[in-house]
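Visitor: no FASTA, just this:
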């Protein structure tokens, strides 16, 4: 079976979507960490440091953990997207393309867990 150019280009667009998503997740993780630091610095300017430090340190730690998890998730998405691209490319060449449901499911589960952590952070 001959592979068409549209199939190859669609596979490449899908890979680039994985890259864009990974970069967005990394950027959001970075923003979460830096924004939390910014908020804690503003709080220190306006109130007594002793009254703030007790509540802010736990929130700062939670924001740091969430941000670092998002950065790690984004970094993990890059090679996963590449391996999926290569797998699809091989399957297109052989003419037996199968739908892979596991990688998108794992990505959604990981992102939902991080978003739930963000909601907990926002509520606290």
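Guide: That came through fine. Remember, it's a predicted structure, so these values are computed and weren't measured experimentally.
Visitor: Any idea how many residues pack against residue 81?
Guide: 21 (other Cβ atoms under 10 Å). Placement of C-beta: from N, CA and C, glycine included.
Visitor: And residue 14, by the same measure?
Guide: Close neighbours of residue 14, defined as other Cβ under 10 Å, add up to 13.
Visitor: Hmm, residue 85 and it touching each other?
Guide: Yes - when contacts are counted by Cβ atoms under 8 Å, residue 14 is listed as touching residue 85 (7.0 Å).
Visitor: Just want the most central residue of this protein.
Guide: With distances taken as Cα atoms, centre = their mean, the chain has residue 25 as the residue nearest its mean C-alpha position (3.3 Å).
Visitor: What strand or helix carries it?
Guide: Using DSSP states H and E, residue 25 maps to helix 5-46.
Visitor: what about that helix, distance to the chain center?
Guide: Helix 5-46 has its C-alpha centroid displaced from the chain centroid by 6 Å (Cα atoms, centre = their mean, to the nearest Å).
Visitor: same for that helix, what does it pack against?
Guide: Packing contacts for helix 5-46, counted by 3 or more Cβ pairs under 8 Å, 6 or more residues apart in numbering; DSSP states H and E, involve helix 49-94.
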